[in-house]
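# coords please:
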Amino acid sequence: YKSVGFKSFLDTDKEEAKKVKMAAPDLSMKQWMGYFGNVGKLSPIPKDMKFGEVPEGVLRLGGTFAVSGNEVLYQWSDRVPGDHPVIDDVLSIATGTN
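This next block holds a predicted model:
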């Protein structure tokens, strides 16, 4: 993650974070329960972790790439958890219709 420029949530610039417009997804109770179950599976707790500590993987921000062969056509780095690019923009770049 570090090698492609993804940061830790702890490194988030507070002013940059204020620019992010986020809204909760429209999920049913069953979908929310499935979501939280997946989070637990994807963010395992290391055996040596003490109560109250946060796993590094939980703090790591992600991003989005569009690649063609060895060429990176598009890269987006999340500014905060839940931040994401405009999907239509990514698809347009990835399909060459921009």
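
# need the three-state assignment for Ile75.
Not Ile; residue 75 is Gln. Recorded secondary structure, Gln75: strand (DSSP: H, G, I helix; E, B strand; the rest coil).

# just list whatever residues bridge to it.
When bridges are called by DSSP bridges, Gln75 pairs up with Phe65.

# number the chain from 545, please
All right, first residue 545 from here; so that's Gln619.

# tell me the contacts of it?
Counting by Cβ atoms under 8 Å, 6 or more residues apart in numbering, Gln619 touches 548-549, 607-609. The C-beta positions use only the backbone N, C-alpha and C, and glycine is treated the same way.

# can you check Met566 too?
Met566 is in contact with 624, 626-627, counting by Cβ under 8 Å, 6+ apart.

# just after the longest helix seen in the chain, pick out the following helix or strand.
Under DSSP state H, the helix in the chain containing the largest number of residues is helix 573-586. Downstream of helix 573-586, the first helix or strand assigned by DSSP states H and E is helix 600-603.

# poorly predicted segments of this structure, please.
Low-confidence segments of the chain (pLDDT under 70): 642.

# give me the spatial nearest neighbour of the residue sitting nearest the centre point of the chain, chain neighbours excluded.
By Cα atoms, centre = their mean, the chain has its centre lying nearest to Gly606, at 3.8 Å. Closest residue in space to Gly606, ignoring its immediate chain neighbours: Asp622 at 5.5 Å, by Cβ to Cβ, 6 or more residues apart in numbering.

# for the one you found, list the residues it contacts.
For Asp622, counting by Cβ under 8 Å, 6+ apart, the contacting residues are 550, 605-607, 628.

# Glu560: which of those is nearest?
Leu605 (11.6 Å; Cβ to Cβ).

# my guess is the closest one meets Gly626, correct?
No. Applying Cβ atoms under 8 Å as the test, Leu605 and Gly626 come out as separate, 9.9 Å apart.
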